[in-house]
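S.K.: Sequence below, structure please.
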Amino acid sequence: MSLVGITIFIGLLLIMLPDFGEVSQERMTSASMTMCLRKVRAGIRSDLEKGNTVKTDYEIKCPKLISKLAVHSNGKIEVSNPTHGIQLSFEPVLKEGKVVWSCEGTPAEFVPTSCRQKTGQ
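M.R.: Here you go, the predicted model:
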């Protein structure tokens with residue numbers, strides 16, 4: 001294939017890509033916020049499963065994504081990103097000695113799928 005053919009092929013592929021507009025950027029932001037909380041959730045999970053007092057003084061590790069982080073004594077986590085108007089809440093529940101997470105957030109169209117489905121991540 002010639003250089004011109006390859007260039008045309010790549011151009012066609014780019015044209016066929018879906019439009020990643022602001023909605024997708026906000027969905028990516030909320031998913032990234034969720035990923036940023038992995039260590040916080042792991043710490044809370046460990047505390048709850050061991051019967052320890054839940055640590056509440058976590059630091060924000062992703063300040064460009066999360067401007068507010070609140071961890072409550074029951075392990076509930078609340079985070080927000082005012083740039084995109086996203087608020088997420090994660091709540092742990094002990095089931096048979098293991099933590100299962102439920103989550104919710106607003107606006108609903110930007111909440112990660114795992115949160116909407118309350119998968120227990």
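S.K.: okay, CA-based contacts and neighbour counts for the rest of this
M.R.: Will do.
S.K.: To what extent is K55 buried, counted in neighbours?
M.R.: Per other C-alpha atoms under 10 Å, the neighbour tally for K55 reads 16.
S.K.: who touches the residue nearest to G105 when sequence neighbours are not counted in this structure?
M.R.: For G105, the nearest residue in space outside its immediate sequence neighbours is L88; the separation is 4.2 Å by C-alpha to C-alpha, 6 or more residues apart in numbering. Neighbour list for L88: 30, 78-80, 103-106, 111 [criterion: C-alpha atoms under 8 Å, 6 or more residues apart in numbering].
S.K.: Mind giving me the PyMOL select for the residues you listed, buried ones only?
M.R.: Filtering those down to the buried ones (16 or more other C-alpha atoms under 10 Å) takes a single PyMOL command:
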select buried, resi 30+78+79+80+103+104+105+111
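S.K.: Narrow the contacts of L88 to those in strands?
M.R.: Judged by DSSP state E, the contacts of L88 include 78-80, 103-106 as members of strands.
S.K.: returning to that earlier point: please, which helix or strand holds the residue nearest to G105?
M.R.: L88 belongs to strand 86-95 when assigned by DSSP states H and E.
S.K.: Quick check: neighbours of that strand in the sheet, parallel or antiparallel?
M.R.: Strand 86-95 pairs in its sheet with strand 77-81 (antiparallel), strand 98-106 (antiparallel), by DSSP bridges.
S.K.: for those, which one sits closest to A70?
M.R.: strand 77-81 (5.1 Å; C-alpha to C-alpha).
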